[in-house]
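[1] Compute the structure for the input listed below.
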Amino acid sequence: MSIRHEALTAYLEAVLGGVVQVQALRPLTGDGPVVAVRESSVPQDHDLKAFGYGRPIQIDLLLDGMPRSYVLSTMRSGSGFGHDHMADRAGALIWAHDAYGKLQRHVRSIDVGFFTGEGRMQSAGCAEEYFLFVEKVEGTAYRVDLERIRIEGKATASDFDRARALSRYLAKIHAQKGQDIQLYFRRIRDLIGHGEGIMGILDGYPVDYSLLPPEQQYVIESGCAAWRHYLKEKARRLSIVHGDFHPWNILFREGTDFTLLDRSRGEWGEPADDIAALSINYCVFSLLRSGHMEGPFRELFDLFYSEYLEQTRDLELNSVIPLFYVFRTLVIASPRWYPDLPEQVRVKLFRFAQAMLRIEQFEYKDLNQYLM
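    The predicted structure is shown next:
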C-alpha cells in the first residue's frame, strides 16, 4: 500500500488541526532508509514508497512551524495469526485506538483510519459503532417452506426442486478451491475455539444445564480437539463458501429463484460447513414433526446430500462433516438460541452431536442410528 504526499499532508492537517510540513519518513524496523520529504523535491503526486504494511513509520514534521514526530502503524497482511482478513486487522487496530488511552503510562492513540484505493487516508477515529448498509431484496425465508412441510406432512415437487437447486448452487461455489493452508487451519480453529464457534456456543449454555452437564461439555470439547488435528490434513479442501447457509438466510421468490443473506465468517472455508448448516435443519424439522427422521424431510435430506455428492464427487465429505454437524447441532439445541425447542428434541440433538464425535464416516442414508 502506498499513499501520496498531498494525501498524507491533508490527513495530518485534518487530524492535528494545524499547518503541516512533512520533513521525513523513518522506518522504525531498522531495515530501511530515512526518506526525506521536502516540498521543493517531492511533486504532489509523488508516490511515497516508504509506506508499507507491516512496519511502523516515524513521521517527522513541522506543525505550525514546531517540530513534532509521530508514528503511523499498519498490520502485516497475509495469512496466519488471525490476521488473514482485512476485517481482522481493522478490528485489532480499532480496539487498539480505543484501549491505548485507558491504560496509565501507555502511549496515546491520536486516530485510527484506513487507506482508500485511491491512496487517501480516511479517519475512523470518531466511530462509536460500526454498521452495515445493504440492499433490500424480496423473498420468503426457506424456513417457511420447512415449517409448512412440517405441518402438512408432505413435500411438493417445488420443494424437491428447491432442495436440488440449493445443492447444485453449493456444488458450484465449492468448486473454486484455494491454496492457503493457514486459512483452512484458521477456519477449523475458529469452528472450535471462536466465540461464535463450538466453545463460544457452549459457554452460552446455562451453568449446570441438566441436559448437557459440564462433564459432557468437556467430552465434546476434548473430542473436537482431536478432530481439529485430523482436519488439518484436509487443507487442500479450502473452498469458496457461504459460511452460514441455513434456512433463515435463504430467501426464495418464484420457483427456484433465491437470494442469500448474511454471509459470514470469511470468504474461504470447508464445504462441509455449508452442507451441514442446511441439511441439519431437515433433521430438526423432522424431529419436531415425528420424533425421528422420516417422510418428506428424510427425502429432502437424501436428495440434497446425494445431489451434492453426485455433482462434486466429493466422497471425502462424509469423513469431514461430523465436526460441522457438532457445531450446528449445539447451536440449534442451545436453550438461548432456540428457547422453544421441546426437551425431547434437544436430547436427541445432543445424542447426535456426541455420535458425530465418535464416527469416522458419516452415513447420510441412516440418520436415525445417530438420534435414537
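[2] in the chain, which spans are helices?
    For the chain, applying DSSP state H gives helices covering 5-16, 86-100, 142-152, 157-174, 181-193, 198-203, 214-231, 271-290, 295-312, 317-333, 343-358, 368-371.
[3] Check the model's average confidence along the shortest one for me.
    Mean per-residue pLDDT for helix 368-371: 96.
[4] So what's the gap between that helix and the chain middle?
    Between the centre of helix 368-371 and the centre of its host chain there is 30 Å, according to C-alpha atoms, centre = their mean, to the nearest Å.
[5] Which neighbouring elements make contact with it?
    Here helix 368-371 touches helix 343-358, going by 3 or more C-beta pairs under 8 Å, 6 or more residues apart in numbering; DSSP states H and E. Every C-beta, even on glycine, is put in place using the N, C-alpha and C of the backbone.
[6] Run through the neighbouring helices and strands of the helix it packs on.
    Looks like helix 343-358 contacts helix 214-231, helix 271-290, helix 317-333, helix 368-371 (3+ C-beta pairs under 8 Å, 6+ apart).
[7] can you list those in a markdown table and add distance to Ala24?
    Formatted as a markdown table, the helices and strands packed on helix 343-358 follow (distance: least, C-beta to C-beta, whole Å):
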| stretch | distance to Ala24 |
| --- | --- |
| helix 214-231 | 48 |
| helix 271-290 | 49 |
| helix 317-333 | 52 |
| helix 368-371 | 66 |
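[8] In TSV, list those along with distance to Phe133 and mean neighbour count.
    Formatted as TSV, these follow (distance: least, C-beta to C-beta, whole Å; neighbours: other C-beta atoms under 10 Å):
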stretch	distance to Phe133	mean neighbour count
helix 214-231	36	15
helix 271-290	25	23
helix 317-333	27	23
helix 368-371	42	17
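[9] thinking again about what came up before, to Asp60, which of the helices of the chain lies closest?
    Nearest to Asp60 among the helices of the chain is helix 5-16 (11.5 Å), distances taken as C-beta to C-beta.
[10] That closest one - contacts with which helices or strands?
    Using 3+ C-beta pairs under 8 Å, 6+ apart: helix 5-16 touches strand 20-27, strand 57-63, strand 121-123.
[11] got JSON lines for these, with distance to Phe131 and mean pLDDT too?
    JSON lines is the format used below for these (distance: least, C-beta to C-beta, whole Å; pLDDT from 0 to 100):
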{"stretch": "strand 20-27", "distance to Phe131": "31", "mean pLDDT": "91"}
{"stretch": "strand 57-63", "distance to Phe131": "31", "mean pLDDT": "93"}
{"stretch": "strand 121-123", "distance to Phe131": "16", "mean pLDDT": "90"}
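[12] Same list (those strands) but as JSON lines, adding mean neighbour count.
    Below are the helices and strands packed on helix 5-16 laid out as JSON lines (neighbours: other C-beta atoms under 10 Å):
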{"stretch": "strand 20-27", "mean neighbour count": "18"}
{"stretch": "strand 57-63", "mean neighbour count": "18"}
{"stretch": "strand 121-123", "mean neighbour count": "15"}
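[13] can you pull the contacts of the most centrally placed residue in the chain?
    Nearest residue to the geometric centre of the chain (C-alpha atoms, centre = their mean): Arg265, 0.7 Å. Taking C-beta atoms under 8 Å, 6 or more residues apart in numbering, we find Arg265 in contact with 187, 190, 196, 243-244.
[14] repeat that for 7 Å
    Shown in contact with Arg265 (C-beta atoms under 7 Å, 6 or more residues apart in numbering): 190, 243-244.
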